[in-house]
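# the amino acid sequence is not available; the structure is as follows:
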């Protein structure tokens, strides 16, 4: 017998009793009066920031104001975004501007899974990550989020909350572990 | 790999010699527990969330074979290759086979307690493959050639001065620069080179979703993402209990995991992998290694609900005062102290006694595992298996005899209360109660039973 068959047979034989699957939507979860405020307050504690686009302003204006001196920019929100063949081609990106589909107030997370991106490495190699999210696409909790998100990018999707961080040295929080050192969420 | 011969009490006593370090360890981890409490209190539904998680996992365990088969079908439909490993050795052989076929010279790994359990790193290194652990804490302990001391915070037993010295030697950082930001960014620069030059990436799995055939990996650092987005091969190693039935169930588990683990509402990255990056290949290795046996054990199968958050160790008064390195099994703390003895009671018997039976672990567990009850049952097995040191065994046998003869217990207690206060200190100095940091308690005039009886008589 293959290992697969042996393992499955033993699992079948050793089945414990168990309850039926619960309805996870039956329990009321927390809601926020002002979802943007909840999101913005939280993301600032997680090495990020959030702003709302004002009339007459563009995403590119905000990015340029925030980081006047910058290196290579990869803008996936542009009409004809740059394409790369190898993921390593993104290695020197300074600022990545990418569409976020949905934001979550309770966790400051943004769902990223963009059919127009060929290599997901961009989100993690970039030094600064700018997520552009429609202003009405913000939900209370992760439960709400999972009813709405789907994988649109070559077998990959991620919730990203703030910037890459670690506290592995004496529990001191340091921003910029391996991924982006800064994260900016712009609601448009 | 860990030395199986560690006796918890002896190793803990050695750790406690450095009082300052021990106090720091205790308070640093207690702070993580407090952050967890602050997060839990912000959600009115916290307890219901724990119940939902418990029910989903308990349901899944009752149909684990069906969900694993469904998971495999869906993963294969996504183009992923699924492998099954009965034990650690088969897991290592499968991983090596994939790497050898791909001509891999360098593997970047994100955190995976399963590969620690299987001893994957030495297996691959002996076969000429460079293995780079990329989680900062894991990298630190790898460079020190020691196992992680915590499942979420692998280097929590170290002070920044020790890490600075290590990085000076291994990465060429400035001598004496102990700044955590400086040290972290030095490791970032060094590991980025490894990410860009690796031939394959291996990740653990936090959740495997039967409905989609995808796996979810949660990190704060982004190392699992870089390690799979760059190299052309992604291997995900998972214990077979990581399955959840539906994607929507992540709406429960992602709310619990980071809050319980580190007191954060979520990890920076919650990444869903259903396929390799374009041009790459993805493999999933499903590992049993003793889990299907635990499933058949009425006393211990609930431990398979564990989502590896580490909340039980952060709250454990024994763990905080002894470090993970005092436990013989690779997973320390309350959850390790049931998983280890379940795997091999002869090797890990002492872990069952690394417990005050206070029950705090069971109270913080996000999937409500009856941890402290399991530890009491593991003690019985440790005793029956003959793993106890003679003095402890004799003590327990004497106690059993006394509790079976109440009048002897009363008489013995009375004698002790009279005799102990007049015994010269020179004689008590070497007893268990007189180790550094402990004082022999003052003997009360009456036993609890006598006080209780007196109280009852006064009332009536």
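Nice, thanks for sending it over. This structure is a prediction, so every number in the text was calculated from the model and none was measured.

# for the residue in the stretch 101-250 of chain B that chain A sits nearest to, list the residues it contacts.
At 2.8 Å from chain A, residue B:222 is the closest residue in the stretch 101-250 of chain B, using Cβ to the nearest Cβ. Backbone N, C-alpha and C define where each C-beta goes, glycine included. Contact analysis of residue B:222 by Cβ atoms under 8 Å, 6 or more residues apart in numbering or on different chains lists A:124, A:164, A:177, A:178, A:179, A:180, B:268, B:269.

# tell me how far the second one lies from residue B:219.
From residue A:164 across to residue B:219, the span is 9 Å (Cβ to Cβ, to the nearest Å).

# any residues in contact with both of these two?
B:268, B:269.

# neighbours around residue A:68, how many?
By the criterion of other Cβ atoms under 10 Å in any protein chain shown, residue A:68 has 7 neighbours.

# for residue 133, which non-adjacent residue is closest in space?
The chain I'm using is chain A. residue A:100 (4.2 Å; Cβ to Cβ, 6 or more residues apart in numbering or on different chains).

# actually, chain B is the one I wanted.
Nearest non-adjacent residue to residue B:133 (Cβ to Cβ, 6+ apart): residue B:142, at 4.4 Å.

# wait, is the one you found part of a helix?
Yes: assigned with DSSP: H, G, I helix; E, B strand; the rest coil, residue B:142 falls within a helix.

# quick check: residues of the stretch 301-450 of chain B near chain A?
Residues of the stretch 301-450 of chain B lying close to chain A by Cβ under 8 Å from any Cβ of the partner chain are residue B:301.

# ok and the residue in the stretch 301-450 of chain B nearest chain A?
residue B:301 (5.1 Å).

# please name the residues that touch that residue.
Contact analysis of residue B:301 by Cβ under 8 Å, 6+ apart lists A:14, A:16, B:61, B:294, B:295.

# now intersect those residues with the strands, please.
Per DSSP state E, strands hold no members of these.

# per-residue confidence at the one residue sitting closest to the centre of chain A?
Geometric centre of chain A, nearest residue: residue A:160, 2.4 Å, by Cα atoms, centre = their mean. With respect to pLDDT, residue A:160 scores 98.

# show me how far the helix or strand hosting it is from its chain's centre.
Assigned by DSSP states H and E, residue A:160 belongs to strand A:156-161. Relative to its chain's centre, strand A:156-161 lies at 4 Å (Cα atoms, centre = their mean, to the nearest Å).

# now swap in stretch B:354-363 and tell me
That offset, for stretch B:354-363, works out to 15 Å (Cα atoms, centre = their mean).

# stretch B:54-65 too?
On Cα atoms, centre = their mean, the centre of stretch B:54-65 falls 21 Å from the chain's centre.

# residues contacting it, please?
Against stretch B:54-65 from outside (Cβ under 8 Å, 6+ apart): A:8, A:11-12, A:15-22, A:24, B:67, B:240-241, B:243-245, B:249, B:252-253, B:295, B:301-302, B:304-305, B:307, B:367-368.

# what about burial for the contacts of residue B:301, which qualify?
Buried by 16 or more other Cβ atoms under 10 Å in any protein chain shown: A:14, B:61, B:294, B:295, out of those.

# if I look at the second one, what pLDDT would I see?
Predicted confidence (pLDDT) at residue B:61: the value is 98.

# find me the pLDDT at residue B:438, would you?
At residue B:438, pLDDT is 68.

# now the closest residue to residue A:146 other than its chain neighbours, what's its secondary structure?
With Cβ to Cβ, 6+ apart as the criterion, residue A:146 has its nearest non-adjacent residue at 4.2 Å, and that residue is residue B:251. Secondary structure state of residue B:251, per three-state DSSP, is helix.

# list the contacts of residue B:251.
With contact set as Cβ under 8 Å, 6+ apart, residue B:251 has these partners: A:24, A:141, A:142, A:143, A:144, A:145, A:146, A:147.

# same thing but at 7 Å, please
For residue B:251, the contact set (Cβ atoms under 7 Å, 6 or more residues apart in numbering or on different chains) comprises A:24, A:142, A:143, A:146.

# wasn't the first one part of a helix?
Spelled out, that is residue A:24. No: looking at residue A:24 with three-state DSSP, it is coil, so not inside a helix.

# just the buried members of the contacts of stretch B:54-65?
A:8, A:11, A:15, A:18, A:21-22, A:24, B:67, B:240-241, B:243-245, B:249, B:252-253, B:295, B:301-302, B:304-305, B:307, B:367-368.

# if we can go back for a sec, what's the closest of the buried ones among the contacts of residue B:301 to residue B:447?
The closest of the buried ones among the contacts of residue B:301 to residue B:447 turns out to be residue B:294 (Cβ to Cβ; 41.7 Å).

# let me see the contact set for the closest one.
By Cβ under 7 Å, 6+ apart, residue B:294 lies in contact with B:300, B:301, B:303, B:304, B:342.

# want to throw the residues you listed into CSV with pLDDT?
Output for these, formatted as CSV (pLDDT from 0 to 100):
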residue, pLDDT
B:300, 98
B:301, 98
B:303, 98
B:304, 98
B:342, 97
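
# name the residues that touch stretch B:98-113?
For stretch B:98-113, using Cβ under 7 Å, 6+ apart, the contacting residues are B:115, B:124, B:129-135, B:138, B:151, B:194-195, B:197-204, B:217, B:219, B:223-224, B:227, B:231, B:233, B:235, B:237, B:283, B:308, B:330-331.

# just the buried residues from those residues, in PyMOL please.
A single PyMOL command selects the buried members of the contacts of stretch B:98-113 (16+ other Cβ under 10 Å):
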select buried, chain B and resi 115+124+129+131+132+133+134+135+138+151+194+195+198+199+200+201+202+203+204+217+219+223+224+227+231+233+235+237+283+308+330+331
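
# could you list which of the contacts of stretch B:98-113 belong to strands?
Those of the contacts of stretch B:98-113 mapping onto strands are B:130-133, B:200-203, B:217, B:219, B:233, B:235, B:237, B:283, per DSSP E.

# can you pull the poorly scored residue ranges out of the chain?
As the question left the chain open, I've gone with chain A. Residues of chain A meeting the criterion pLDDT under 70: none.

# meant chain B actually
B:1, B:4, B:429-438, B:460.

# show me it divided up by domain.
B:1-42+B:310-402, B:51-292, B:405-459 (automatic domain parsing).

# would you indicate which residues of the lengthiest helix in chain B are buried?
Counting by DSSP state H, the longest helix found in chain B is helix B:19-41. Neighbour counts over helix B:19-41 (16+ other Cβ under 10 Å) mark B:21-22, B:24-26, B:28-29, B:32-33, B:35-36, B:39-40 as buried.

# and the next element down the chain from the helix or strand that contains residue B:427?
Per DSSP H and E, residue B:427 falls inside helix B:425-428. Sequence order places helix B:448-459 as the next helix or strand after helix B:425-428, per DSSP H and E.

# isn't residue A:124 up against residue B:225?
Yes: judged on Cβ atoms under 7 Å, residue A:124 makes contact with residue B:225 at a distance of 4.4 Å.

# any residues in contact with both of these two?
Contacts common to residue A:124 and residue B:225, judged by Cβ under 7 Å, 6+ apart, are residue A:179.

# helices of chain A, start to end?
Remark: helices assigned in chain A by DSSP H are A:3-13, A:35-45, A:59-66, A:121-125, A:142-146.

# turn these into JSON lines, including distance to residue B:354.
JSON lines is the format used below for those (distance: least, Cβ to Cβ, whole Å):
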{"stretch": "helix A:3-13", "distance to residue B:354": "30"}
{"stretch": "helix A:35-45", "distance to residue B:354": "35"}
{"stretch": "helix A:59-66", "distance to residue B:354": "51"}
{"stretch": "helix A:121-125", "distance to residue B:354": "39"}
{"stretch": "helix A:142-146", "distance to residue B:354": "34"}
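
# most tightly packed of those?
helix A:121-125 (a mean of 27; mean count of other Cβ atoms under 10 Å in any protein chain shown).
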